[in-house]
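Colleague: got a structure for you, letters missing:
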Ligand SMILES: Nc1ncnc2c1ncn2[C@@H]1O[C@H](COP(=O)(O)OP(=O)(O)OP(=O)(O)O)[C@@H](O)[C@H]1O
Ligand SMILES: [Zn+2]
Ligand SMILES: [Zn+2]
């Protein structure tokens, strides 16, 4: 055994369609990941002759004195340098073939390398929870083995261990045991088991994780219905079963016929029916949808669809469609023909609970071919949905960021809807992947198109389109929608996506190889999986997306006009309400016109902090360096103080804890306060509060949204979560109570995030017949972001913002890596951050910002420090060895390496 690191250069896997046989002749070693607690390294094994192994197969290998499960990762053409070939042990056997295709493994390896994460941890995010950890290898008798008479003549040829093992198995009613148990009971059992398998008396299998065993339910199947010797009661049951097509779940049959299990048993004994356990796949229960037909497309939609359908193999599309322009319809029609070709599609959305409407639209179109996959499913649901994907049946998987790992065998298309959304990025734990980046790799490896859809594309995507060349996005943007779709597609084709792809791959390979060579051989041994220095510059190797736009709303409906209200003026004019005059008038009109409205508030709760008027004391969280938010839903409800970081809660004190003054004042408005204020000023308006406090239970989002859609309320009052994808034609008014809270978040993405949020929330208004109206209240109306939102001017916002980013080398130009340290010990975490920062100081090619305390130093009693590394564009710096960096961290300090971080706070 030998520990070796993974790097792309030595990643040799069978390409699809390539002859695998020729590879085995070349490569006589294989690296495997062993399923052994605490082991995250790759180990090298010899390929036995006569045994076909491919990357992605599940194996058994000798490990120390045991046999353990393992996953074949990749072939090696040479044994590791400092290990004698004769010391390398052989793979024992293949348990399950083709568990994952080779492209999938390459994907996992890229993620491990790019995000500095041990491969095993990447595999853990890719698999449903618990699959790897708890799966168990077992041995069971075949029917031949069950009938084998151990004292007979044939058995004489069996070795004594094989005889012992088969006797052990025959003693159990099921004829199977775990390997672990067999090894405990029979000395050197492994030889015996191999022998039994060779003789066809026993077989290997992998038992699925214990907690997630398939769910079984009794099913009744009709065998015979010629009614002889049946009582009238029994005859009735058989008749019911026949009318149901000869099959029913037992529980349903019992209910329909009001009968008992003993009556069914009697029928079974007479040979009329069989009752057997059958597996039911647990999937999220979905409401039944009325079917829905493809809509006839607008000209711009048609152009976009044609461009998408003309793609062959890997290509990226940025589908920039204003809010309400019908992007979803384009997705649906792009997917439909794929399903008919036997392929599947993957649709990623920011937060699935928030977008039941989107899932419903897919279900209405594709029925039960739609699978929903996200972390809020129970482990059992996740496991079953995951296995359903493996069947290879054409299907549409809709999910959140981790669904990018959905094991769909024939992937025909990947879509990232609202691609700009921050929830596609994982901040912790490692790998700190961005689903967009992973989607780009996956589409490339699976050779299928990737569509990035948004009304407010991320600057990353925008820049990559612009950099595509002189005939890029800018020109296209100003061209008529008509012309643009087809021209764009043509350009793309002639430039040859193919060529780009192979170039990208080549570059990568040779770069990887170089690095590999330059590293000392001795060094290799100490490294773990995925700790190599591969890093790619932002522009390469993935080719730029093609730009498609849907510049207008459906039916040429206008985008809603946006009024900016200067709240300082309101105050000067004597209006002390949180609602401006305009907003008050607009709210008054809602009821008269039988229309609905949405009010956006940046925060939940009632007030963001509570402070004493007499001494200025601010009530703070005992575990975090933040103030406590005041929660009070309505008159008579308990008054609570809650920490929005660690969820600490306490009752609201009647007096200041410091000076006992009774005069405590509330600052900063959240959803609860706005709701209370609305109830006071507009008692006739019915409202629904929509924030993480009111949507905690499963299905709550859907319930509240359908209440609102059914007209049971006039106003929807909520946070961020109502900016995403709501398509409600009756909504004419959108109000933003205070835009400033968004702008004042102190990181380099605050402007981009504010522009996106405000544009998206504004986009909820006027999607139906009646024109919309948007009112944004702010104390800084002159802010350039607010002005760009007002004029719906994405382009000029981007230009201004990109200029700043470029000047400071921030993404999408420069690249960032954030090291986050945290510890219960305030001194140790600071010292560690300082020590590590000095190890960087002699390196060239990047700038070191920090170490600095995080903007909130303490959260949940952990002290947080960080170091930001900033790389110049196109620089391929000599990055430190992350293993060594990690080694400098004492166990009490945890380090997260966040590659391409988007939250730097
Ligand atoms: N070709 C069409 N003809 C008629 N109606 C359409 C057509 N395409 C889409 N629609 C309808 O227009 C509305 C808006 O479309 P959709 O929600 O897909 O827009 P979107 O671009 O995804 O919006 P957003 O980005 O704001 O969420 C939907 O109700 C949809 O059913
Ligand atoms: Zn006080
Ligand atoms: Zn707290």
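Modeller: Cool, the structure landed. Note that the coordinates shown come from a computational prediction; the quantities given were computed from them, not determined experimentally. Ligands and ions are numbered 1, 2, ... in the order given.
Colleague: can you name the residue of the stretch 301-450 of the chain nearest to ligand 2?
Modeller: residue 427 (36.7 Å; CB to the ion). Using the backbone N, CA and C atoms, a C-beta is placed for each residue, glycine as well.
Colleague: who's the closest spatial neighbour of that residue, skipping the chain neighbours?
Modeller: residue 903 (5.7 Å; CB to CB, 6 or more residues apart in numbering).
Colleague: that older thread, quick check: the residue of the stretch 301-450 of the chain closest to ligand 2 touching residue 900?
Modeller: No - if you go by CB atoms under 8 Å, residue 427 and residue 900 don't touch, sitting 11.0 Å apart.
Colleague: those two - which one has more neighbours?
Modeller: Just comparing residue 427 and residue 900: by other CB atoms under 10 Å the higher neighbour count belongs to residue 900, 20 against 14.
Colleague: contacting residues for that one?
Modeller: 425, 432, 434, 437, 811, 815-817 (CB atoms under 8 Å, 6 or more residues apart in numbering).
Colleague: narrow these to those that are buried.
Modeller: With burial judged by 16 or more other CB atoms under 10 Å, the buried subset of these is 425, 432, 434, 437, 811, 815-817.
Colleague: and these, which of them are in strands?
Modeller: If you go by DSSP state E, the buried ones among the contacts of residue 900 have 815-817 in strands.
Colleague: just to revisit the earlier point, would you turn the buried ones among the contacts of residue 900 into a markdown table with distance to ligand 1 and pLDDT?
Modeller: Output for the buried ones among the contacts of residue 900, formatted as a markdown table (distance: CB to the nearest ligand atom, whole Å; pLDDT from 0 to 100):
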| residue | distance to ligand 1 | pLDDT |
| --- | --- | --- |
| 425 | 20 | 94 |
| 432 | 27 | 94 |
| 434 | 20 | 96 |
| 437 | 22 | 94 |
| 811 | 24 | 89 |
| 815 | 29 | 87 |
| 816 | 28 | 89 |
| 817 | 32 | 90 |
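Colleague: picking up where we left off before, please, which helix or strand holds the residue of the stretch 301-450 of the chain closest to ligand 2?
Modeller: Assigned by DSSP states H and E, residue 427 belongs to neither a helix nor a strand.
Colleague: which residues touch stretch 771-781?
Modeller: For stretch 771-781, using CB under 8 Å, 6+ apart, the contacting residues are 557-558, 560-568, 579-580, 582-583, 586, 731-740, 743, 758, 762, 765-766, 786, 789-790.
Colleague: buried members of those residues into PyMOL, please.
Modeller: The buried residues among those can be selected in PyMOL (16+ other CB under 10 Å) with this line:
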select buried, resi 557+560+562+563+564+565+567+579+580+583+586+731+732+733+734+735+736+737+738+739+740+743+758+762+765+766+786+789+790
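Colleague: give me the subset of the contacts of stretch 771-781 that lies in helices.
Modeller: 567-568, 582-583, 586, 740, 743, 758, 762, 786, 789-790 (DSSP state H).
Colleague: among these, which pair sits farthest apart?
Modeller: 586 and 743 (22.9 Å; CB to CB).
Colleague: quick one: neighbours of the closest residue to ligand 3 within the stretch 751-900 of the chain, just the number.
Modeller: Ligand 3 sits closest to residue 860 of the stretch 751-900 of the chain, with a gap of 6.1 Å, by CB to the ion. Neighbourhood size, residue 860 [other CB under 10 Å]: 15.
Colleague: hmm, back to that, can you add distance to residue 221 and give the buried ones among the contacts of residue 900 back as TSV?
Modeller: Below are these laid out as TSV (distance: CB to CB, whole Å):
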residue	distance to residue 221
425	49
432	50
434	49
437	49
811	60
815	60
816	61
817	59
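Colleague: for stretch 792-810, give the mean pLDDT please.
Modeller: On average, the pLDDT along stretch 792-810 is 89.
Colleague: wait, does that stretch contact ligand 1?
Modeller: No - Stretch 792-810 does not reach ligand 1 (CB under 6 Å from any ligand atom); its nearest approach is 12.7 Å.
Colleague: what comes up buried for that stretch?
Modeller: 792, 794, 797-798, 800-802, 805, 809-810.
Colleague: what's in contact with that stretch?
Modeller: Contacts of stretch 792-810 (CB under 8 Å, 6+ apart): 320, 322, 456-457, 459, 462-463, 477, 559, 562, 748, 751-752, 755, 759, 784-785, 788-789, 811-814, 816, 847, 870-873.
Colleague: show the pLDDT at the residue lying closest to residue 611 once chain neighbours are set aside.
Modeller: Once flanking residues are discounted, residue 611 sits nearest to residue 618: 4.7 Å by CB to CB, 6+ apart. In this prediction, residue 618 carries a pLDDT score of 83.
Colleague: how close does residue 618 sit to residue 625?
Modeller: For residue 618, the distance to residue 625 equals 11 Å [CB to CB, to the nearest Å].
Colleague: next: residue 789.
Modeller: Taking CB to CB, one finds residue 789 at 32 Å from residue 625.
Colleague: sec struct for residue 641, please.
Modeller: strand (DSSP: H, G, I helix; E, B strand; the rest coil).
Colleague: that one: how many residues sit nearby?
Modeller: 23.
Colleague: that one against residue 626, yeah?
Modeller: No - contact status for residue 641 versus residue 626: not in contact, 11.5 Å apart, counting by CB under 8 Å.
Colleague: before we move on, back to that, could you report the pLDDT at the nearest residue to the residue of the stretch 751-900 of the chain closest to ligand 3 once chain neighbours are set aside?
Modeller: Nearest residue to residue 860, sequence neighbours excluded (CB to CB, 6+ apart): residue 646, at 4.1 Å. You'll see residue 646 listed with a pLDDT of 75.
Colleague: how close does residue 646 sit to ligand 1?
Modeller: For residue 646, the distance to ligand 1 (CB to the nearest ligand atom, to the nearest Å) stands at 34 Å.
Colleague: coming back round to it: ok, so of the ones in strands among the buried ones among the contacts of residue 900, who is nearest ligand 2?
Modeller: Nearest to ligand 2 among those: residue 816, at 42.3 Å, using CB to the ion.
Colleague: okay, and the beta partners of that closest one?
Modeller: On the basis of DSSP bridges, residue 816 is bridged to residue 870.
Colleague: contact residues of the protein facing ligand 2?
Modeller: Applying CB under 5 Å from the ion, one finds that the chain approaches ligand 2 through 612, 614-615, 617, 656, 658-659, 661.
Colleague: output the contacting helices and strands for whichever strand or helix holds residue 381.
Modeller: Here residue 381 sits within helix 379-390, counting by DSSP H and E. If you count contacts as 3 or more CB pairs under 8 Å, 6 or more residues apart in numbering; DSSP states H and E, helix 379-390 packs onto strand 370-373.
Colleague: sheet partners, orientation included, of the strand it packs on?
Modeller: strand 396-399 (parallel).
Colleague: touching ligand 1 at all, the strand it pairs with?
Modeller: No - applying CB under 6 Å from any ligand atom, one finds strand 396-399 out of contact with ligand 1, separated by at least 13.9 Å.
Colleague: contacts for the next helix or strand after that strand, please.
Modeller: Per DSSP H and E, the first helix or strand lying C-terminal to strand 396-399 is strand 411-417. Under the criterion CB under 8 Å, 6+ apart, residues 327-328, 331, 334-335, 338, 341, 343-350, 358, 404, 424, 435-436, 439, 442-443, 446, 448-454, 725 lie in contact with strand 411-417.
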